[in-house]
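Peer 1: Please work out how this folds:
(one chain, ligands or ions: 1)
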Amino acid sequence: AQLEKGGYDTFMLKEIFEQPTTLRDCLRGRITGDCSRVTLSGVELNKDRFLQAERITLVACGTSWHAALIGKRLIQDFCQIPVEVEYASEFRYGNPVLNDRDIVIAISQSGETADTLAAIQLAKDKGAFVYGVCNVVGASIPRATDSGTYIHVGPEIGVASTKAFTGQVTVLTLLALAVGQLRGVIDSSTVQSVATALNAMPGTIEETLKCNDAVQKLSMFFTYAHNFIYLGRGYNYPTALEGALKLKEISYIHAEGYPAAEMKHGPIALIDQEMPSVIIAPSDSLYDKIISNVQQVKSRGGAVVAIVSKGNTAMKDIANFCIEIPDVPECLTPLVASIPLQLLAYYIAVNKGKNVDQPRNLAKSVTVE
Ligand code: G6P
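Peer 2: Take a look at the predicted model:
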């Protein structure tokens, strides 16, 4: 087992550090050399379905559901198709209205999740075209779907999903670009800039992982916290949900992810010296808005860990801890921002002596209802 962990203490840490490689594998052959075009065979082979689609519904569970939320925004931005996101377990019993102009995209690392599989069956029965975004080749979900794209990140052993999440978000970005091009609704300069940055993502993640030591150090301050709140907006609201889920899963600390601006409608009442916040605040279109959330937390005595873009000096004066991430186009910020959040959850769990690879009560894939 030590050998399989490639010199790391745990599978989870190995999988976190593997992400530059796994994203390279995930991207291979999918962006043209000049970054002017994205090609996914699953889209190419089903052009008519993607051209005629009137709506896309993303279904998934757990971490894959968080990737779906990011996918929704990507598809809206690049394809101008209405998108919905549903928990597979709710979708399957929610009497969804679907027809043959619907595309249902099922996202699953394992390809075996029972609720997701049942959602696929229901969508097919109602005439929708079902597309899979999976990791495990030949699993039940890729076999049940009409077509799909594998994320190709290799076996994920740690129960808490890390490299599969970044692989899913990467494939959803590729899919949104490919479908946007197919439908002729995305301008070539957008494709060029996003595809170029996505192509460079393995190196960018490598760079991001340099925050490891700083995150490990700051994790010490939070080992005994009982509650955490994670805040983000826009593209990074789902990142906040995923960061909070990682912490819950492996450190057993209660954590809530919230859209930053919704904090004032409830969660702000919880904030005191005992309740730290993690605030995802890259230099994007919503940066100015989120700064005021940081101030609100600080003025109530809460500690703030801010995830900021490289070169941001202003935040250093306000937050207790700043972790820098490389500057990337806004739609790609979840990929880089999730790295320090994975590490933060990891080190807090290690500080507490928890079994990070096999947290209590959780299974890698949930094949029963
Ligand atoms: C379980 C795992 C999670 C995972 C979820 C969905 O709860 O512990 O890490 O996100 O199932 O799994 P899937 O394989 O469908 O992505």
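
Peer 1: Which residue does this structure have closest to the ligand?
Peer 2: Nearest to the ligand, among the residues of the chain, is Gly62, at 2.8 Å (CB to the nearest ligand atom). C-beta: built from backbone N, CA, C; applies to glycine.

Peer 1: thought Val368 was touching Asp115?
Peer 2: No. Taking CB atoms under 8 Å as the contact criterion, Val368 and Asp115 are not neighbours in contact, 9.6 Å apart.

Peer 1: show me what contacts the residue sitting nearest the centre point of the chain?
Peer 2: Most central in the chain under CA atoms, centre = their mean is Ala67, positioned 4.1 Å from the mean C-alpha point. Counting by CB atoms under 8 Å, 6 or more residues apart in numbering, Ala67 makes contact with Ala60, Ile107, Val133, Phe165, Gln168, Val169, Leu172, Pro238.

Peer 1: List the strands paired with the helix or strand hosting the third one, with their directions.
Peer 2: By that I understand Val133. In this structure, Val133 is located in strand 129-134 according to DSSP states H and E. Based on DSSP bridges, the strands next to strand 129-134 in the sheet, each with its direction, are strand 102-108 (parallel), strand 147-150 (parallel).

Peer 1: can I have the shortest one written out in CSV, keeping just the CAs?
Peer 2: Coordinates of the C-alpha atoms in strand 147-150 are reproduced here as CSV (Å, rounded to 0.1, in the frame of the first residue of the first chain):
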residue,chain,number,x,y,z
SER,A,147,-22.9,9.0,-25.0
GLY,A,148,-20.4,10.8,-22.8
THR,A,149,-16.9,11.9,-22.0
TYR,A,150,-14.5,10.2,-19.6
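
Peer 1: Could you export stretch 43-51 as PDB, CA atoms only?
Peer 2: Output in PDB follows, covering the C-alpha atoms of stretch 43-51 (Å, rounded to 0.1, in the frame of the first residue of the first chain):
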ATOM      1  CA  VAL A  43     -20.400  16.000 -28.800                       C
ATOM      2  CA  GLU A  44     -19.200  15.500 -32.400                       C
ATOM      3  CA  LEU A  45     -21.000  12.200 -32.700                       C
ATOM      4  CA  ASN A  46     -24.300  13.700 -31.500                       C
ATOM      5  CA  LYS A  47     -24.300  17.100 -33.100                       C
ATOM      6  CA  ASP A  48     -28.000  17.100 -33.800                       C
ATOM      7  CA  ARG A  49     -28.900  16.500 -30.200                       C
ATOM      8  CA  PHE A  50     -26.700  19.300 -29.100                       C
ATOM      9  CA  LEU A  51     -28.000  21.600 -31.800                       C
END
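
Peer 1: Buried residues in it, which are they?
Peer 2: Using 16 or more other CB atoms under 10 Å as the burial criterion, the residues of stretch 43-51 that qualify are Val43, Asn46, Arg49, Phe50.

Peer 1: In those, find the pair that's most separated.
Peer 2: The two members of the buried residues of stretch 43-51 with the most space between them (CB to CB) are Val43 and Arg49, at 9.0 Å.

Peer 1: hmm, stretch 88-102 in reach of the ligand?
Peer 2: No. Remark: stretch 88-102 sits outside contact range of the ligand, by CB under 6 Å from any ligand atom, the gap being at least 8.0 Å.

Peer 1: Can you point out the buried residues in that stretch?
Peer 2: Neighbour-count burial for stretch 88-102, with 16+ other CB under 10 Å as criterion, is recorded at Ala88, Ser89, Phe91, Arg92, Pro96, Leu98, Asp102.

Peer 1: interface residues of the stretch 251-369 of the chain facing the ligand?
Peer 2: Counting by CB under 6 Å from any ligand atom, the residues of the stretch 251-369 of the chain close to the ligand are Leu362, Lys364, Ser365, Val366.

Peer 1: And the stretch 101-250 of the chain, by the same measure?
Peer 2: Residues of the stretch 101-250 of the chain lying close to the ligand by CB under 6 Å from any ligand atom are Ser108, Gln109, Ser110, Thr113, Thr116, Val159, Ser161.

Peer 1: of Val368 and Asp115, who's got more company?
Peer 2: The neighbour count for Val368 versus Asp115, taken as other CB atoms under 10 Å, is higher for Asp115 (22 against 7).

Peer 1: How far away from the center of its chain is the helix-or-strand element of the chain with minimal mean pLDDT?
Peer 2: Lowest on mean pLDDT, DSSP states H and E among the helices and strands of the chain sits helix 287-298, with a mean of 90. The chain centre lies 23 Å from the centre of helix 287-298; the measure is CA atoms, centre = their mean, to the nearest Å.

Peer 1: do stretch 137-153 as well
Peer 2: 19 Å.

Peer 1: Pull up the distance across that stretch, start to finish.
Peer 2: Distance between the boundary residues of stretch 137-153 (CA to CA, to the nearest Å) amounts to 11 Å.

Peer 1: list the buried ones in that stretch?
Peer 2: By neighbour count with 16+ other CB under 10 Å, stretch 137-153 contains the buried residues 139-142, 144-153.

Peer 1: cool, stretch 351-367 as well?
Peer 2: For stretch 351-367, a neighbour-count test (16+ other CB under 10 Å) marks Asn351, Lys354, Val356, Asp357, Gln358, Pro359, Lys364, Ser365, Val366 as buried.

Peer 1: Among these, which are located in strands?
Peer 2: Within the buried residues of stretch 351-367, no residue falls in strands by DSSP state E.

Peer 1: Turn those into CSV, including distance to Asp125.
Peer 2: Listed next are the buried residues of stretch 351-367 as CSV, based on distance: CB to CB, whole Å:
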residue, distance to Asp125
Asn351, 49
Lys354, 42
Val356, 40
Asp357, 38
Gln358, 36
Pro359, 35
Lys364, 28
Ser365, 24
Val366, 22
